[in-house]
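A.B. asks: The following block contains a protein sequence and its predicted model.
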Amino acid sequence: MALRGHATIQGSTDVPTLYHSIHGYMPAPTVLKSHNTVEEYLKAETLPTGYWANTPKFFVSYLKSMYGDAATKENDWGFGWHPRISGDHSHMPMMVAMNDGRVKGMFAMGQNPAVGGQNARFQRAALGKLDWLVVKDNFETETAAFWHNAPEVTDGSIHPADIQTEVFFFPSAQVAEMDGTFTNTQRLIKFHHKAVDPPGDARSDIWFTYHLGQRLKKLYEGSTEARDQGLLNLVWDYEPDPEEVAAWQIKDEPSALKILREINGYTSGKPEEHLPGFAALKDDGSTTCASWIYSGVYPKPGIENLKAASRVPDGGGGGSANLGWGFAWPANRRIIYNRASARPDGTPWSEEKKWVYWDPDKVNPATDKPGVWTGADVPDFAAGKAPDAKPAPDAIGLDALSGTDPFIMKADGKGWLYTPTGLVDGPLPTHYEPVESPVPNVLYPDQRNSPVYKRWDVDGNPAAEPEDPAFPYVLTTYRLTEHHLSGVMSRWLPWLAELQPELFVEISPELAGEKGIANTDVVRVITPRAEITAKALVTRRMRPMQVAGKTVHHVGVPWHWGYQGLVTGSVTNDLSLMVGDPNVTIHESKTFVCNVEKA
């Protein structure tokens, strides 16, 4: 299981903040493919075999959740109103576009690119090219204060009067001050209840987003422009019922339950008829469902029927699924592809590992015939498909998979050791040196770096030349237990700020000896982008490496500090390079080159 750095990162990819997908990991419509109609989109994106063959049901139900009664078969379910992407709109290329003046405004909600962004000084410069910037956060973050307190402002390199951006700051409510959900890496959705009103003008993210949407719809009311119809027809009905806000001073907080109802799905035109799960979805417009993978989390009206709010353990110790504790998508399955927990013949691999298995005698309630998959978990397989079932040659959907094909989201039902399609640098991974490296690629001497990595060769983002003697050391950035990401949720908290009050640079005793650096000496860390200062922590945690016949020193720098908060320090990400992997533009700030000098 992946160890994520944030409480609900899984949820923010399921109900996505990702640019390239919509709800439930369906691809975002794009101008780069033949996506001019629903038919064209589905023809391009639907797999004929496996469970993704149901994409038409998921997608049409999603469009109904977007545009409601206005989405009809006659107008192609409102598909023409839906936004389409035109390239890589992830964070780093967005900041490059911003620096070029192609992005006019930005909402930074729970995001602090002035500290957390790669090559953060470049990103702060890009923020200064905006017409407007809205920051909604717990405190006045570095992103909110970049125009008056960034290092390049305080040292006189940039004057606030030369920054054109108008900055608006909105204080944010905290988790305990709103209803909502978390989705953890296990895909477990858990509802949290509001405990107290937020102070003053602080409001939740859904309050801000909902009321902004209401104002925008009001602003465009009566427009006959074709480009405005998507906004005007957007479903935006999340007013709270009186009993939901009766106990609170804030009476216009949107209803988290109504948002969850739309995510779960309901019969179109009858929002009180919640859907029991994604198996009920149809492609004829009769079902409305924002996120097919979450369908079933709220199968009936009323908080008592919200499975994400359930806290009923199985009891009896470990080894059970605890199906009454929260809701795990899809369909409350705690382990996906759990058909693989049984042998090909359907029997458990062992009594100790017994999880989901084929019971030839148990009656399948859907057919009233013997033979059904059963066990501790919700089977992730066609319930009545016997282990020896063989598909017809022309079968589609799940019918095309045999009784021994557990990986039902794959077109062939098999577990893949490599990726025949989809990866830009596929089908098999191999070793490349980072873009910045003090050593050659000893595995492939003729190919140092990935031939398809993403690099933004723009002013302000210079890279070191291969094996540049001016930058002989490898630098890794990382996080600490006591701090959270860019520090907004920890550097303002006295207890955590006291535990880790200042930035430090970890170096080995060997490197310290070469450089004449003693423990707690102030040092300079230098890269082609910037330099920062911090105290040295001389530690055996950092060890010299022998690579390609030479000694390579390793430098470690955490990245939680900035120029705001109770404790401050240099911005580590001023050092890092904006470069991305070729598939999803993940940055490479875990390894680049630097030099270290005693200050």
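C.D. replies: On my side now, so go ahead.

A.B. asks: which residue ranges form the helices in the stretch 451-599 of the chain?
C.D. replies: 494-499, 509-515 (DSSP state H, counting those that start in this stretch).

A.B. asks: For the last one, name the packing helices and strands.
C.D. replies: Put plainly, it is helix 509-515. Packing contacts for helix 509-515, counted by 3 or more C-beta pairs under 8 Å, 6 or more residues apart in numbering; DSSP states H and E, involve strand 531-538, strand 592-598. C-beta: built from backbone N, CA, C; applies to glycine.

A.B. asks: Return that helix as PDB; C-alpha atoms alone will do.
C.D. replies: Extracted C-alpha coordinates of helix 509-515, given in PDB (Å, rounded to 0.1, in the frame of the first residue of the first chain):
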ATOM      1  CA  PRO A 509      31.100  13.300   8.300                       C
ATOM      2  CA  GLU A 510      33.300  12.600   5.300                       C
ATOM      3  CA  LEU A 511      31.900  15.500   3.300                       C
ATOM      4  CA  ALA A 512      31.900  17.700   6.400                       C
ATOM      5  CA  GLY A 513      35.600  16.900   6.800                       C
ATOM      6  CA  GLU A 514      36.400  17.700   3.200                       C
ATOM      7  CA  LYS A 515      34.600  21.000   3.500                       C
END
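
A.B. asks: OK, contacts around P160?
C.D. replies: Contacts for P160 (C-beta atoms under 8 Å, 6 or more residues apart in numbering) come out as 147-148, 153.

A.B. asks: and the residues you listed as a markdown table, adding pLDDT, neighbour count and distance to T527?
C.D. replies: Output for the contacts of P160, formatted as a markdown table (pLDDT from 0 to 100; neighbours: other C-beta atoms under 10 Å; distance: C-beta to C-beta, whole Å):
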| residue | pLDDT | neighbour count | distance to T527 |
| --- | --- | --- | --- |
| W147 | 98 | 21 | 25 |
| H148 | 97 | 11 | 26 |
| V153 | 97 | 20 | 21 |
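
A.B. asks: Give me whichever of the helices and strands packed on helix 509-515 is most buried.
C.D. replies: For these, the largest average neighbour count (mean count of other C-beta atoms under 10 Å) is found in strand 592-598, namely a mean of 21.

A.B. asks: Let me see the mean pLDDT of that strand.
C.D. replies: For strand 592-598, mean pLDDT is 98.

A.B. asks: tell me the angle that strand makes with strand 531-538.
C.D. replies: 70 degrees (axes from the mean of the first three to the mean of the last three C-alpha atoms, to 10 degrees).

A.B. asks: Just the residues contacting strand 592-598, thanks.
C.D. replies: In contact with strand 592-598 (C-beta under 8 Å, 6+ apart) are residues 434-438, 464, 468, 470-475, 505, 507, 511, 515-517, 521-527, 555, 575-577.

A.B. asks: for it, the distance to its chain's centre please.
C.D. replies: Counting by C-alpha atoms, centre = their mean, to the nearest Å, strand 592-598 is centred 32 Å from the centre of its parent chain.

A.B. asks: again, but for stretch 389-397
C.D. replies: 35 Å.

A.B. asks: Quick check: end-to-end length of it?
C.D. replies: 15 Å (C-alpha to C-alpha, to the nearest Å).

A.B. asks: Tell me which residues of it come out buried.
C.D. replies: Across stretch 389-397, burial judged by 16 or more other C-beta atoms under 10 Å covers 391, 397.

A.B. asks: hmm, who's touching that stretch?
C.D. replies: For stretch 389-397, contacts defined as C-beta under 8 Å, 6+ apart pick out 48-51, 53-54, 399-403.

A.B. asks: export these to CSV and tack on pLDDT?
C.D. replies: Output for those, formatted as CSV (pLDDT from 0 to 100):
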residue, pLDDT
P48, 96
T49, 97
G50, 97
Y51, 97
A53, 98
N54, 98
D399, 97
A400, 98
L401, 98
S402, 98
G403, 98
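
A.B. asks: tell me which of those residues is nearest to Q447?
C.D. replies: Distance to Q447, by C-beta to C-beta, is smallest for G50 among the contacts of stretch 389-397, at 34.8 Å.

A.B. asks: so what's that closest one closest to, chain neighbours aside?
C.D. replies: With sequence-adjacent residues excluded and distances taken as C-beta to C-beta, 6 or more residues apart in numbering, G50 is closest to A411, at 4.7 Å.

A.B. asks: residues near that neighbour, how many?
C.D. replies: Each residue near A411 was counted by other C-beta atoms under 10 Å, and the total is 17.

A.B. asks: Check which helix or strand it maps to.
C.D. replies: Counting by DSSP states H and E, no helix or strand carries A411.

A.B. asks: which among the contacts of stretch 389-397 gets closest to P276?
C.D. replies: N54 (15.7 Å).

A.B. asks: still on that earlier bit, restricted to buried residues, select the contacts of stretch 389-397 in ChimeraX.
C.D. replies: Here is the ChimeraX command that selects the buried residues among the contacts of stretch 389-397 (16+ other C-beta under 10 Å):
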select :49,50,51,53,54,400,401,402,403
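
A.B. asks: export the contacts of stretch 389-397 to CSV and tack on distance to G80?
C.D. replies: Formatted as CSV, the contacts of stretch 389-397 follow (distance: C-beta to C-beta, whole Å):
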residue, distance to G80
P48, 26
T49, 30
G50, 29
Y51, 28
A53, 25
N54, 24
D399, 33
A400, 33
L401, 35
S402, 40
G403, 43
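
A.B. asks: about what we covered before: nearest to C289, of the helices and strands packed on helix 509-515?
C.D. replies: Going by C-beta to C-beta, the one of those nearest C289 is strand 592-598, 43.7 Å.

A.B. asks: who does that closest one pair up with?
C.D. replies: Counting by DSSP bridges, the strands paired with strand 592-598 are strand 473-478 (antiparallel), strand 522-526 (antiparallel).

A.B. asks: Mean neighbour count, the helices of the stretch 451-599 of the chain: which tops it?
C.D. replies: helix 509-515 comes out most buried of these by mean count of other C-beta under 10 Å, with a mean of 17.

A.B. asks: Tally up the residues packed near H82, please.
C.D. replies: 20.

A.B. asks: For S223, see how far away it is.
C.D. replies: Counting by C-beta to C-beta, to the nearest Å, the gap from H82 to S223 is 18 Å.

A.B. asks: One more: D361?
C.D. replies: 64 Å.

A.B. asks: between those two, which one's more packed in?
C.D. replies: A count of neighbours by other C-beta under 10 Å puts S223 above the other of D361 and S223, at 12 against 7.

A.B. asks: picking up where we left off before, tabulate the strands paired with strand 592-598 in JSON lines, adding columns for distance to G346, mean pLDDT and mean neighbour count.
C.D. replies: Listed next are these as JSON lines, based on distance: least, C-beta to C-beta, whole Å; pLDDT from 0 to 100; neighbours: other C-beta atoms under 10 Å:
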{"stretch": "strand 473-478", "distance to G346": "45", "mean pLDDT": "97", "mean neighbour count": "19"}
{"stretch": "strand 522-526", "distance to G346": "58", "mean pLDDT": "98", "mean neighbour count": "19"}
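
A.B. asks: For the ones you listed, could you give me JSON lines that also reports distance to L234?
C.D. replies: Output for the strands paired with strand 592-598, formatted as JSON lines (distance: least, C-beta to C-beta, whole Å):
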{"stretch": "strand 473-478", "distance to L234": "40"}
{"stretch": "strand 522-526", "distance to L234": "48"}
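
A.B. asks: Quick check: phi and psi on N184?
C.D. replies: phi -90, psi -180 (degrees, to the nearest 10).
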